[in-house]
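S.K.: Here is the input, now give the coordinates:
(one chain, ligands or ions: 1)
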Amino acid sequence: MYGLSKEDLDIQAKARLFADELIPLEAAVEMAGGEVPAEQEALHKARAIELGLYASNMPQDVGGGGCTSLQQVLIQEQVGRVTNALAWVVATPPSWLPDVATPDQIERYVKPSTRGERDECYAITEEGAGSDVDAIDATARRDGDDYLLNGTKWHVTSFNAADYAFFQGKLTNGEHAGEHAMFLVDLPSPGVRVVRIPAYMHTLGHAHQHPIVAFEDVRVPAAQLVGAEGDGMSFAYEWFRFERLMVAARCLGAADRLVAEMTAFAQERIVQGRPIVEFGAVQAMLADSLTELFAARSLTYETARGIDAGADVKVQHAQCSMAKLGASEMAGRVADRAVQVFGGRGYMREYAAERFFRELRVERIWEGTSEVQRAIIADQMVKRGPGRLA
Ligand SMILES: Cc1cc2nc3c(=O)[nH]c(=O)nc-3n(C[C@H](O)[C@H](O)[C@H](O)COP(=O)(O)OP(=O)(O)OC[C@H]3O[C@@H](n4cnc5c(N)ncnc54)[C@H](O)[C@@H]3O)c2cc1C
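M.R.: Presented below is the predicted three-dimensional model:
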């Protein structure tokens, strides 16, 4: 199905094997508040590397897997089948970085990240700037051979596990004053402090908290600037395209797992002497879920194939938004139905339906909300015509 090549099927099988090894651990991790012992997580990471799943998005010349976009989707789809972020060890370091990094940054950040020795986090969103990234208040002031960074960033995912951060701020001086710039900030660094660690809907443990982080007069050498002054926003857009496609992929995996689990449960669960799968209302929930999954998977795979074939970048941008919008909304509906099919068990944290119901909610929010995706798609429809996008 889906016209996958032998190489595609091989990598998909490896990723599926990896996900299937992690799934039995989920319930215990949930009961432990999402915590995975560090030694165990290190073993998971080593296994991901051994199977060739780690940094599959990175170019081969920096040690990465050099996978096609479709293959990356196939891997992340399997990552999405696992709850509690257990499969996040299948990391995708910033694939846009090698093209703009200096040779020194390649050695200090790109290659170690690709080998699994360094981990990054993204400090972009602020209290007053989420959907509207251009509204950030964070600043970067050139001071001799250094920059001074200031700003308070929200929702800095995996800050606790990261040893460097991408910090986006607006330049306050120089010929690019007012424009965005991005910096690599090593962690810990003087002036970087956690303001607060809010609790979130999901239970992903210490390593995947999303703290509010203050950067106060953080002094970094000019060598920490990524690309050129004024480039900051273009990196964010490139990363959004990639991450939106990967969000879509993970949502496919979540829905795939939910559909499998609800179908099996509906066949086993006996009510009034009959398996509930014989009730028309339950059949409708199963059938709608698989139909919507098929549609979202076709959309996401086709988007990935377009990228691999070198589609126009604006078309890619709109299609990645469509994939994220379609797949995340689909997965939310499927999770809601799965809870319903499981009845009271669907409300228990030891069941995957309950965990996905909570964990999937953010997929419609981060990397651009569903409303923002719709705005992007509609904008491109007007500029390019719907016929070029779908
Ligand atoms: C768990 C989690 C982890 C995150 N991790 C990171 C991270 O690691 N790094 C990082 O930088 N950020 C991160 N984020 C931030 C995330 O990307 C933002 O929350 C998201 O982009 C939405 O921004 P906001 O929360 O400010 O909502 P707002 O922008 O305030 O939006 C509020 C509402 O208004 C709507 N809205 C906004 N603009 C429009 C528009 N133009 N048209 C129609 N409706 C609109 C939105 O859709 C939403 O419904 C994370 C968020 C969460 C929840």
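S.K.: nearest residue to the residue of the chain at minimum distance from the ligand other than its sequence neighbours?
M.R.: As assessed by C-beta to the nearest ligand atom, the ligand sits closest to Gly130 within the chain, at 1.8 Å. Using the backbone N, CA and C atoms, a C-beta is placed for each residue, glycine as well. Closest residue to Gly130 apart from its sequence neighbours, by C-beta to C-beta, 6 or more residues apart in numbering: Trp154 at 7.7 Å.
S.K.: residue contacts, the one you found?
M.R.: 125-127, 130, 210, 212 (C-beta atoms under 8 Å, 6 or more residues apart in numbering).
S.K.: Check Gln12 too.
M.R.: The neighbours of Gln12, taking C-beta under 8 Å, 6+ apart as the test, are 4, 74-75, 77-78.
S.K.: Repeat the analysis, applying 10 Å as the threshold.
M.R.: The neighbours of Gln12, taking C-beta atoms under 10 Å, 6 or more residues apart in numbering as the test, are 2, 4, 70-71, 73-75, 77-78.
S.K.: Then Thr152?
M.R.: 123, 126-128, 137-138, 193, 195, 212-216.
S.K.: ok, what's across the strand from it?
M.R.: Beta-bridge pairing for Thr152 (DSSP bridges): Ala214.
S.K.: For the stretch 51-200 of the chain, which segments are assigned as strands?
M.R.: 120-123, 139-143, 146-153, 164-171, 180-186, 192-196 (DSSP state E, counting those that start in this stretch).
S.K.: Dump these to TSV, plus mean pLDDT.
M.R.: Below are the strands of the stretch 51-200 of the chain laid out as TSV (pLDDT from 0 to 100):
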stretch	mean pLDDT
strand 120-123	97
strand 139-143	98
strand 146-153	98
strand 164-171	98
strand 180-186	97
strand 192-196	98
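S.K.: Specify the local secondary structure of Arg345.
M.R.: Put simply, Arg345 is helix when judged by DSSP: H, G, I helix; E, B strand; the rest coil.
S.K.: I figured it hits Glu268, correct?
M.R.: No: here Arg345 does not reach Glu268: they are 11.3 Å apart, not a contact under C-beta atoms under 10 Å.
S.K.: Which of those two has more residues huddled nearby?
M.R.: Neighbours were counted for Arg345 and for Glu268 using other C-beta atoms under 10 Å; Arg345 has more, 14 against 10.
S.K.: re earlier: Serialize the strands of the stretch 51-200 of the chain to TSV and add fields for distance to the ligand.
M.R.: Below are the strands of the stretch 51-200 of the chain laid out as TSV (distance: least, C-beta to the nearest ligand atom, whole Å):
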stretch	distance to the ligand
strand 120-123	4
strand 139-143	16
strand 146-153	6
strand 164-171	8
strand 180-186	11
strand 192-196	14
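S.K.: Distance to Glu107 added to the ones you listed, as JSON lines?
M.R.: What follows is these, written out as JSON lines (distance: least, C-beta to C-beta, whole Å):
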{"stretch": "strand 120-123", "distance to Glu107": "15"}
{"stretch": "strand 139-143", "distance to Glu107": "23"}
{"stretch": "strand 146-153", "distance to Glu107": "21"}
{"stretch": "strand 164-171", "distance to Glu107": "13"}
{"stretch": "strand 180-186", "distance to Glu107": "12"}
{"stretch": "strand 192-196", "distance to Glu107": "23"}
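S.K.: re the thing from before, top of the contacts of Gln12 by neighbour count?
M.R.: Among the contacts of Gln12, the one with the most neighbours (other C-beta under 10 Å) is Ile75, at 31 neighbours.
S.K.: which residues in this protein form helices?
M.R.: Secondary structure of the chain (DSSP state H): helices at 6-22, 26-31, 38-50, 69-79, 97-100, 103-105, 111-115, 232-268, 280-308, 313-341, 352-359, 370-384.
S.K.: most packed of those helices?
M.R.: Most buried of the helices of the chain, by mean neighbour count (mean count of other C-beta atoms under 10 Å): helix 69-79, with a mean of 26.
S.K.: That one vs helix 313-341, what angle?
M.R.: Put simply, helix 69-79 runs at 20 degrees to helix 313-341, going by axes from the mean of the first three to the mean of the last three C-alpha atoms, to 10 degrees.
S.K.: Next, the angle helix 6-22 makes with helix 69-79.
M.R.: Going by the same axes, to 10 degrees, helix 69-79 is angled at 20 degrees with respect to helix 6-22.
S.K.: Could you export helix 69-79 as PDB, keeping only the C-alpha atoms?
M.R.: C-alpha atoms of helix 69-79 as PDB (Å, rounded to 0.1, in the frame of the first residue of the first chain):
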ATOM      1  CA  SER A  69      11.100  13.200   3.700                       C
ATOM      2  CA  LEU A  70       8.800  10.300   3.200                       C
ATOM      3  CA  GLN A  71      11.100   8.000   5.200                       C
ATOM      4  CA  GLN A  72      11.300  10.600   8.000                       C
ATOM      5  CA  VAL A  73       7.500  10.600   8.000                       C
ATOM      6  CA  LEU A  74       7.400   6.800   8.200                       C
ATOM      7  CA  ILE A  75       9.800   6.900  11.200                       C
ATOM      8  CA  GLN A  76       8.000   9.700  13.000                       C
ATOM      9  CA  GLU A  77       4.600   7.900  12.400                       C
ATOM     10  CA  GLN A  78       5.900   5.000  14.500                       C
ATOM     11  CA  VAL A  79       7.200   7.400  17.100                       C
END
